[in-house]
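1. sequence unknown, structure follows:
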């Protein structure tokens, strides 16, 4: 288990009930591959440390569920930043459109379709920018999958 930045309480019978710390997971396989499931989180400083041993695939949450992006959630650009912080070879945007209020697709249609491609564009831009730190920045590295978003 690794940290995540998100609320972790509910209201029950008028009282706030704490449900424990929000978490993510890093799973390391016997062959050395590592998968990072961020959980529902915002960016946090410790993400850089999570990548110290290498992350092959990062599943990163994008957006929230309502009309506004609240604390504990990432925009597509922030998800790309998270991918760079953990130095993921591949990033998979997840979570957008989940718990989406029924009927809201008419009001906020782009929240259902745009986040994935927006993360892909932001990760590609960040991975190829000389101002950003990526594990490898060469064209060869991009072709091998550094900075690639799986859709």
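-> Now that the structure is in, tell me what you want to look at. Keep in mind it's a predicted model, so treat the numbers as computed, not measured.
2. name the helix or strand of this protein that has the lowest mean pLDDT.
-> helix 139-144 (a mean of 41; mean pLDDT, DSSP states H and E).
3. what packs against the top helix by length along the chain?
-> Ranked by residue count, the top helix of the chain under DSSP state H comes out as helix 115-128. Using 3 or more Cβ pairs under 8 Å, 6 or more residues apart in numbering; DSSP states H and E as the contact test, the elements touching helix 115-128 are helix 76-85, strand 88-94, helix 139-144, strand 148-149. From N, CA and C alone the C-beta is placed, and that goes for glycine too.
4. tell me the angle of the longest one relative to strand 88-94?
-> So that's helix 76-85. Angle, helix 76-85 to strand 88-94, by axes from the mean of the first three to the mean of the last three Cα atoms, to 10 degrees: 150 degrees.
5. and the contacts of helix 76-85?
-> Applying Cβ atoms under 8 Å, 6 or more residues apart in numbering, the contact partners of helix 76-85 are 38, 42-43, 47-48, 50-51, 58, 60-63, 74, 91, 93, 114-115, 118-119, 121-123, 125-127, 132-134, 147, 149.
6. now do that helix, average pLDDT.
-> For helix 76-85, the mean per-residue pLDDT is 92.
7. can you tell me which of the contacts of helix 76-85 are buried?
-> 38, 42, 47, 50-51, 58, 60-63, 74, 91, 93, 115, 118-119, 122-123, 126-127, 134, 147, 149 (16 or more other Cβ atoms under 10 Å).
8. how many other residues sit next to residue 31?
-> Per other Cβ atoms under 10 Å, the neighbour tally for residue 31 reads 6.
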